[in-house]
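Trainee: I'll drop the sequence and a predicted model, then ask my questions.
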Amino acid sequence: MKLGCIADDFTGASDLGNMLARAGMPTTLCIGVPPGGRVPDTDAAVLALKTRSLPVADAVAQSLAALDWLRAQGCTQIYFKYCSTFDSTPKGNIGPVLDALADRLGARRAVVVPAFPGTGRRVFMGHLFVNDTLLSRSGMEDHPLTPMTEPDIRFWLGLQTEARIGHVSAEIVRGGSAAIRAALDAAEAEGLRYLVVDTVDDRDLEAIGAAVADDALVSGGSGLGLGLPANFAAKPGQGVPWQGRRGRAAALAGSCSRMTQQQVARHAMHAPVVRLDPVAVADGRQTVAEVVEWVMAQREDDVPLISSTMPADALAAVQERLGRARSAEVLEVFFGALASALVARGIDRLVVGGGETSGAVVSALGISTARIGPQIAPGVPALAPEDGHFVCTLKSGNFGGPDFFGDAARVLAGGAP
Ligand SMILES: Nc1ncnc2c1ncn2[C@@H]1O[C@H](COP(=O)(O)OP(=O)(O)OP(=O)(O)O)[C@@H](O)[C@H]1O
Ligand SMILES: O=C(O)[C@@H](O)C(=O)CO
């Protein structure tokens, strides 16, 4: 194995797996460190952790365990994957995990490249934009767990680490990989450890990827995954074999992102939807058993959707009542139990929206590795768990087109992307 990736959430991991596989690098998605010493027979492995919102010490310990396993498999480069919207709090977990990985690897520098211009995430002058809006006005400022109220990545990362942070400007990036590498070398010589690299075009990702070919540690969103496979002699465009599964489908949406809100509203126009009330779930008035029966009572060709998605004002009211952490936990436990019950009842296709939510679902289902199938939407592949009798997809909150839930169910059944 050559490239070892540690992703801080599950949808992010499948996003990165999708990027690497499409760039021609055979890749396995592993849910945590594979049990029983099993080693995937691929050039890259993406270890999906659920560390984005854990206490710092737990996130660091899990990331280091993943690092040790990947190094034992012979990986020559480690890629710490976080969200393209840099989801974190002033305490972490991006800074502390980077520190721990860099220390253990003896890495004197690591690039910080959250951007993915093709999906509207750009970094310019060190500031992160979502489409034409600064991160802090993009809706991410209302995120239930990691509200992103600051767009300057240098500043935000600086709150999370003692290390010195530098910047590689768009002007240098335009000069190509040799110029970028020279800037990184110079910054490292000055004692700057983390280098936020401006990225305004997907071609920048290729140049940055080439510039960091010899770096032991790199970090970023999935976009950087465009630039790295070429360093490992990958051959793009080979396509991914996929048959899919027909049979019953169900969709679970636990993201409150603007995109998911739109997708849920669109799906509700033509498909059955149950809205979860977090307070009723917490009180036991809305139960997994009743939702399972509701799903099974729908027509077989429908894609019933169970959603906790709500707009920012309603979310704030729920968090006021239950507390931020408790409301999130109640829903994650619910979605995990629901997914297990649905699979036990023979659901063939499972569509999940939201990174934390996906983490809860995949953990509850006990999936350990998954084969990466065709892309449903940029950043969202179909997945075939190796030990399951179903297929699934894990969608980042902000990803997918307006009809994502229907599109996903179709591709999972073997239809055209
Ligand atoms: N109605 C709600 N009230 C309170 N918390 C909620 C509600 N709906 C969802 N949540 C919680 O908010 C969190 C949403 O995070 P999740 O990672 O699933 O979505 P996301 O952040 O939009 O997706 P991504 O991380 O992929 O961008 C989860 O912990 C979920 O349980
Ligand atoms: O980078 C992204 O935006 C996604 O892969 C993700 O991590 C969202 O959870």
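Mentor: Thanks, I have it. Ligands and ions are numbered 1, 2, ... in the order given.
Trainee: use CA for all of it now, contacts and neighbours both
Mentor: Noted.
Trainee: what does the stretch 251-400 of the chain have sitting close to ligand 1?
Mentor: Taking C-alpha under 6 Å from any ligand atom as the criterion, the neighbours of ligand 1 within the stretch 251-400 of the chain are 254-257, 278, 308-310, 315, 318-319, 327-329, 331-332, 354-357, 396-398.
Trainee: In helices only, show me these.
Mentor: 278, 315, 318-319, 327-329, 331-332, 355-357 (DSSP state H).
Trainee: would you list every one of the strands in the stretch 201-350 of the chain?
Mentor: When secondary structure is read from DSSP state E, counting those that start in this stretch, the stretch 201-350 of the chain shows strands at 217-220, 249-253, 273-275, 305-307, 349-353.
Trainee: Of all those, which one comes closest to residue 5?
Mentor: Taking C-alpha to C-alpha as the criterion, strand 217-220 is the member of the strands of the stretch 201-350 of the chain that comes nearest to residue 5, at 9.3 Å.
Trainee: chain center to that closest one, what's the gap?
Mentor: Offset of strand 217-220 from its chain centre (C-alpha atoms, centre = their mean, to the nearest Å): 15 Å.
Trainee: Which single residue of the stretch 51-200 of the chain ends up nearest ligand 1?
Mentor: When C-alpha to the nearest ligand atom is the measure, the stretch 51-200 of the chain has its nearest residue to ligand 1 at residue 144, with 4.9 Å between them.
Trainee: That residue and residue 206: what is the separation?
Mentor: Distance of residue 144 to residue 206, given as C-alpha to C-alpha, to the nearest Å: 33 Å.
Trainee: Over to residue 412?
Mentor: With the distance defined as C-alpha to C-alpha, residue 412 ends up 30 Å from residue 206.
Trainee: Give me the more crowded residue out of these two.
Mentor: Between residue 412 and residue 206, residue 412 has the larger neighbour count (other C-alpha atoms under 10 Å), namely 32 against 20.
Trainee: residues contacting that one?
Mentor: Under the criterion of C-alpha atoms under 8 Å, 6 or more residues apart in numbering, the contact partners of residue 412 comprise 244-246, 349, 382, 391-393.
Trainee: Of all pairs in these, which one is the farthest apart?
Mentor: Of all pairs drawn from the contacts of residue 412, the one with the largest separation by C-alpha to C-alpha is 246 and 393; the distance is 14.4 Å.
Trainee: who has more neighbours, the two?
Mentor: Set side by side, residue 246 and residue 393 show more neighbours around residue 393, with 29 against 19, by other C-alpha under 10 Å.
Trainee: Help me confirm that the more buried one is found in a helix?
Mentor: No - if the criterion is DSSP: H, G, I helix; E, B strand; the rest coil, then residue 393 is strand and not within a helix.
Trainee: which residues does it form a beta bridge with?
Mentor: Beta-bridge pairing of residue 393, defined through DSSP bridges, involves residue 351.
Trainee: so residue 376 sits in a strand?
Mentor: Yes - assignment of residue 376 by three-state DSSP places it within a strand.
Trainee: ok, the nearest residue to it once chain neighbours are set aside - how many residues close by?
Mentor: Closest residue in space to residue 376, ignoring its immediate chain neighbours: residue 417 at 5.4 Å, by C-alpha to C-alpha, 6 or more residues apart in numbering. Other residues near residue 417 number 14, with proximity taken as other C-alpha under 10 Å.
Trainee: Give the residue spans of the stretch 1-150 of the chain that score low on pLDDT.
Mentor: Of all residues in the stretch 1-150 of the chain, those with pLDDT under 70 make up the ranges 37.
Trainee: how about the helices in it?
Mentor: If DSSP state H, counting those that start in this stretch is used as the criterion, the helices of the stretch 1-150 of the chain fall at 10-22, 56-72, 94-105.
Trainee: if I pick the residue of the stretch 201-350 of the chain found nearest ligand 2, what's in contact with it?
Mentor: Closest to ligand 2 within the stretch 201-350 of the chain is residue 221: 4.5 Å, counting by C-alpha to the nearest ligand atom. With contact set as C-alpha under 8 Å, 6+ apart, residue 221 has these partners: 12, 16, 81-84, 86, 113-116.
Trainee: how about a cut-off of 6 Å?
Mentor: When the contact criterion is C-alpha atoms under 6 Å, 6 or more residues apart in numbering, the partners of residue 221 are 81-84, 114.
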